[in-house]
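# Kindly generate the corresponding structure for this input.
(one chain, ligands or ions: 1)
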Amino acid sequence: MSITPEQFASLDLAATQAGLAAGDFTSEDLLTASLARIQVSEPRVNAILTRDPEGALAVARQADRQAKPDPRPLAGIPVVVKDNLMTRGVRTTCGSKILENFIPPYDAGAVEKLRAAGAVIVGKANMDEFAMGSTGENSAYGPTRNPWNPDRVTGGSSSGSAAVVAYGGVAAALGSDTGGSIRQPASFCGLVGLKPTYGRVSRWGLGALASSLDQIGPLTRTVRDNALVYDVIAGHDPRDSTSSPEPFQPCLAKVPDGVRGLRVGFDPSIFNRDGLDPVTGQTLRQALDVAAQAGAELVERELPLIDYCVAAYYVICACEASANLTRYDGVRYGVRAAGDNLWDSFAHTRGSGFGDEVKRRIMMGSFALSSGYYDAYYLKASQVRHLLVDAFSGLLREVDVFLLPVTPAPARLLGTAATPLENYLGDIFTLSANLTGLPALAFPAGATAGLPVGVQAMAGYFREDLLYRLAAVVEQALPVTGLVPEGCPWQRPALEASA
Ligand code: GLN
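Have a look, this model is predicted:
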């Protein structure tokens, strides 16, 4: 009985459940293996900000005392959550110095659901400060390195959640996605990452970036694992006023249903788009071919209003962020810097507590909301958002799923963005899902020079099941594993997807 860290690293959730039920290993064994894997990988990756070995051990032992098989879907299984999800008694920094010492007195809604499903939360994942970023380089605690190649970015802002799953520290982690922050790191790390329909997963207890765009979702190595975790965290929560009362249909059982007869849309002009890396285009084409071979009907449609998304998103996001971040004043929680008077203390607290990107957005957002500029910026961006919602509802009457890239190119080298704008432009393909509230899934479909490349699928509201069905078909045909192979990345031969 027992399990090595290497064995643990390649187990999916079904195999973990089966092993626990059969008594091949205990939950405590799993935790030991998970922590060992994290211990060896962390010095070079920096995915975890806080570990909770004692809290996790108590939960694991409790799971071991339950009669087997334990019906709870994540009973005794180690997971990690992004550090903007409140965890009772465990430090929660949002990747910021201003919350360096913050220990929440409560669990986020999604964390409660994980715990109710029996999950063992081993730690909190590194992230871009207040989820502002797309690479993981904006964390106040240093960047997360891509486990496939430590010179490359992991993608962000859920950088640590992706990296810890990719190196096999856990099989599943939660991230948050405001403009692509689950899907981009999923794509850069060879993982499956879901941005659910807005309102499907409770945002209660999520450190907000932009409340009308934020959603929590799972990052996993397989499609099935992703659906399993999604089924656990989805559902109505009266404490989140934007939580949807729409009845939830579990997705796990539908994953193997295939795509026969589904209309899969794509925009042929994408392939010639300026700045699109050729392998990213080829990967999309590969995924479309697989869908067609599996019986889907390919439908050519224009990707609506794509050139307006970056501008509209960065105005709306900055406006909401500037309002959401007013609460960090050093009075109620977090770090407080002294000053001669109250206003002086506010200024010092925020001046020393926030990093550059956060300050940039607070200034942009306050400017765009100020009288005289509101109509020109915030109102205009909101109008674009309405157009986008209309355009996508038309599009999704004509196709069931729409396939597009996740990012214009695979993970770039750390520290090489010349300006913040360069990073913002990399969000072009992920933003429409957040601006419309539609669900979107990133999943691996190719590779280039040792780096995974993902594709993205969007579907109608509450149709996450369609996304999983398509991704499962692609996963079968183009098996790019989300797990970084042993010895990687240092002696790793170039990875190619087997088509
Ligand atoms: N890259 C986008 C931003 O910086 C999205 C971030 C996110 O999804 N949290 O705002």
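
# The protein: strands as residue ranges?
Here the chain has its strands, by DSSP state E, at 48-51, 78-82, 120-125, 145-146, 149-153, 172-177, 192-195, 215-220, 263-266, 297-300, 401-405, 440-448, 451-459.

# Which one of the ones you listed lies nearest to the ligand?
Comparing the strands of the chain by their distance to the ligand (Cβ to the nearest ligand atom), the top pick is strand 172-177, with 4.9 Å. Yep, even glycine has a C-beta here, placed from its N, CA and C like the rest.

# Run me through the strand neighbours of that closest one, direction for each.
strand 78-82 (parallel), strand 215-220 (antiparallel) (DSSP bridges).

# Other residues contacting stretch 409-426?
133-135, 137, 143, 145-146, 148-149, 151-155, 184, 187-188, 275-277, 279-280, 310, 314, 357, 360, 407-408, 448, 451-453 (Cβ atoms under 8 Å, 6 or more residues apart in numbering).

# of these, list those near the ligand.
Restricting the contacts of stretch 409-426 to those touching the ligand (Cβ under 6 Å from any ligand atom) yields Gly133, Ser134.

# Please indicate which of the contacts of stretch 409-426 are buried?
With burial judged by 16 or more other Cβ atoms under 10 Å, the buried subset of the contacts of stretch 409-426 is 133-135, 137, 143, 145-146, 148-149, 152-155, 184, 187-188, 276, 279-280, 310, 314, 357, 407-408, 448, 451-453.

# how near is Asp267 to Asp274?
Per Cβ to Cβ, to the nearest Å, Asp267 is found 14 Å from Asp274.

# Can you give me every residue that contacts the residue of the chain positioned farthest from its centre?
When each C-alpha in the chain is compared with the mean C-alpha position (Cα atoms, centre = their mean), Asp340 comes out farthest, at 41.5 Å. Contacts here follow Cβ under 8 Å, 6+ apart; on that basis Asp340 touches nothing.

# Repeat the analysis, applying 10 Å as the threshold.
His348 (Cβ atoms under 10 Å, 6 or more residues apart in numbering).

# Now do it against Ala347, distance only.
The gap separating Asp340 from Ala347 is 10 Å, by Cβ to Cβ.

# near the ligand, which residues of this structure show up?
So the chain meets the ligand at 131-134, 157, 177-181, 209, 317, 427 (Cβ under 6 Å from any ligand atom).

# switch to 5 Å and redo it
By the rule Cβ under 5 Å from any ligand atom, the part of the chain lying against the ligand is Ala131, Met132, Gly133, Ser134, Ser157, Asp177, Thr178, Gly179, Ser181, Asp427.

# hang on, the earlier thing: reformat the strands paired with strand 172-177 as a markdown table; add mean pLDDT.
Output for the strands paired with strand 172-177, formatted as a markdown table (pLDDT from 0 to 100):
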| stretch | mean pLDDT |
| --- | --- |
| strand 78-82 | 98 |
| strand 215-220 | 98 |
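
# Make CSV out of the ones you listed and add mean neighbour count.
As requested, those are exported to CSV (neighbours: other Cβ atoms under 10 Å):
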stretch, mean neighbour count
strand 78-82, 30
strand 215-220, 30
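
# possible to save the ones you listed as a markdown table with distance to Gln293?
Below are the strands paired with strand 172-177 laid out as a markdown table (distance: least, Cβ to Cβ, whole Å):
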| stretch | distance to Gln293 |
| --- | --- |
| strand 78-82 | 35 |
| strand 215-220 | 25 |
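
# OK, contacts around the most centrally placed residue in the chain?
Centroid-nearest residue in the chain, with Cα atoms, centre = their mean: Ile182, separated by 1.9 Å. Neighbour list for Ile182: 82, 155-158, 161-162, 173-176, 191-196, 215-219, 430, 440-442 [criterion: Cβ under 10 Å, 6+ apart].

# swap the cut-off to 8 Å and go again
Counted by Cβ under 8 Å, 6+ apart, Ile182 has contacts Ser158, Ser161, Gly175, Ser176, Gly193, Leu194, Lys195, Gly217, Pro218, Leu219, Ala442.

# quick one: which of these is most hemmed in?
Neighbour tally across the contacts of Ile182 (other Cβ atoms under 10 Å): the maximum, 40 neighbours, falls on Ser161.
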